[in-house]
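**Student:** 3D, please:
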Amino acid sequence: MGSQLPICAKNLNRVPGWFWPLDQALFRVFLAESRRIVGRGDLAEIGTYFGKSAILIGSSLAPGETFTVVDLFGSPADDIENNEENARNYGKLTEQRFRSKYLEFHDSLPVIVHGSSSIIANRASHGTHRFVHVDGSHLYEHVKTDVESTRTLSAPQGVVVFDDIRSEHTPGVPAAVWAAIDRGLNPIALSPAKLYATWGDPRPWVRFLDTWSSEPNCEIKFHTEIQRIAGQSVYRFSMARSWITRKLIELDSRRH
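**Tutor:** Below you'll find the predicted structure:
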């Protein structure tokens with residue numbers, strides 16, 4: 001064992017990327033609970049950037065499980081549109097920089113697939129994954145392929161997570177992901193950034209969230225509400241407002 005950094009919000013802030021504290025907390029609980037609901041299973045990340053979320057996912061890896069990440073890591077894509085997207089957003093990314101960041105927290109690397117996200121279904125085992133995180137291309141055609149890859153990889157009750165589901169600059173993501181509800185994708189929870197879902201029965205997951213969300217949480221303060229989508233209960237999580245924000249809202253309401 002080396003002198004790896006503890007995996008906490010403060011240390012993850014050293015890694016470039018976007019991974020909000022609320023989603024860090026949700027990743028931890030979904031990864032932990034997946035051991036009970038799914039059992040032993042593999043992990044995967046489609047689009048890993050510098051490894052900010054991969055580092056946390058990798059902390060859940062148990063003996064006999066495999067963690068696979070796939071990314072272009074700055075290499076040319078197969079189409080012009082994707083090349084432009086990568087040059088615009090990920091020009092400084094290299095596989096070596098990912099490796100370096102990951103090894104600050106872990107003593108070994110995941111299985112690294114250097115290439116288009118579409119090849120992960122040929123490189124990772126089918127039907128065995130308890131947790132799959134998708135944070136790759138925002139282009140509709142690519143996201144649609146990634147959605148189908150999660151179905152191929154996922155264990156029957158596995159969790160699949162889609163980033164940028166509510167971001168205004170990524171309309172291709174919600175267009176591709178929400179359409180999958182008609183093909184059997186079952187939403188479980190929403191954060192401001194991500195959708196947590198399963199290709200299996202969502203009810204065990206919702207029952208777990210019923211308990212978890214009602215317990216005191218020292219890690220992070222959040223609000224919840226339950227929405228209904230396609231006849232199923234879906235949790236919506238949001239960050240709790242700070243004391244200052246609450247007071248400002250209260251003062252503003254008094255003016256009116």
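**Student:** so which residues make contact with the longest strand seen in the chain?
**Tutor:** Once the chain is assigned using DSSP state E, the strand that runs over the most residues is strand 154-163. Here strand 154-163 makes contact (Cβ atoms under 8 Å, 6 or more residues apart in numbering) with 27, 30, 34, 37-39, 41, 47, 127-135, 143, 147, 150, 173, 177, 185, 188, 193-201, 204-205. All C-beta spots, glycine's among them, are computed from the backbone N, C-alpha and C.
**Student:** next: stretch 169-183.
**Tutor:** For stretch 169-183, contacts defined as Cβ under 8 Å, 6+ apart pick out 138-144, 146-147, 151, 162-167, 185, 187, 195, 229-230.
**Student:** before we move on, back to that, buried subset of the contacts of strand 154-163, written for ChimeraX?
**Tutor:** Buried subset of the contacts of strand 154-163, written as a ChimeraX selection, criterion 16 or more other Cβ atoms under 10 Å:
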select :27,30,34,37,38,41,47,128,129,130,131,132,133,134,135,143,147,150,173,177,185,188,193,194,195,196,197,198,199,200,204,205
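**Student:** out of the contacts of strand 154-163, name the ones that lie in strands.
**Tutor:** Per DSSP E, the contacts of strand 154-163 map to strands at 129, 130, 131, 132, 133, 134, 188, 194, 195, 196, 197, 198.
**Student:** nearest to residue 99, of the residues you listed?
**Tutor:** residue 133 (18.5 Å; Cβ to Cβ).
**Student:** ok, now how distant is the closest one from residue 60?
**Tutor:** Per Cβ to Cβ, to the nearest Å, residue 133 is found 11 Å from residue 60.
**Student:** again, but for residue 12
**Tutor:** Counting by Cβ to Cβ - residue 12 and residue 60 are separated by 15 Å.
**Student:** measure stretch 14-28 end to end?
**Tutor:** With Cα to Cα, to the nearest Å as the measure, stretch 14-28 spans 19 Å from end to end.
**Student:** next, the buried residues of that stretch.
**Tutor:** Buried residues in stretch 14-28, defined by neighbour count with 16+ other Cβ under 10 Å: 15, 17, 19, 22, 23, 24, 25, 26, 27, 28.
**Student:** the last one against residue 56, yeah?
**Tutor:** This points to residue 28. Yes - judged on Cβ atoms under 8 Å, residue 28 makes contact with residue 56 at a distance of 7.1 Å.
**Student:** low-scoring stretches of the stretch 151-256 of the chain, by residue?
**Tutor:** Applying pLDDT under 70 to the stretch 151-256 of the chain picks out residues 217-219, 241-256.
**Student:** now with 80?
**Tutor:** 216-220, 240-256 (pLDDT under 80).
**Student:** can you map out the helices along it?
**Tutor:** Ranges of helices within the stretch 151-256 of the chain are 172-179, 203-214, 243-255, based on DSSP state H, counting those that start in this stretch.
**Student:** what comes up buried for the second one?
**Tutor:** When you say that, I think you mean helix 203-214. Within helix 203-214, the residues that count as buried by 16+ other Cβ under 10 Å are 204, 205, 206, 208, 209, 212, 213.
**Student:** go through those residues and name the one nearest residue 70.
**Tutor:** residue 205 (25.1 Å).
**Student:** quick check: chain neighbours aside, which residue is closest to the closest one?
**Tutor:** residue 188 (4.6 Å; Cβ to Cβ, 6 or more residues apart in numbering).
**Student:** so what's that neighbour up against?
**Tutor:** Contacts for residue 188 (Cβ under 8 Å, 6+ apart) come out as 159, 196, 197, 198, 202, 205, 206, 209, 234, 235.
**Student:** quick one: contacts for the residue nearest to the fourth one when sequence neighbours are not counted?
**Tutor:** Leaving out its chain neighbours, the residue that sits closest to residue 198 by Cβ to Cβ, 6+ apart is residue 186, at 5.3 Å. By Cβ under 8 Å, 6+ apart, the residues touching residue 186 are 197, 198, 199, 200, 201, 202, 230, 232.
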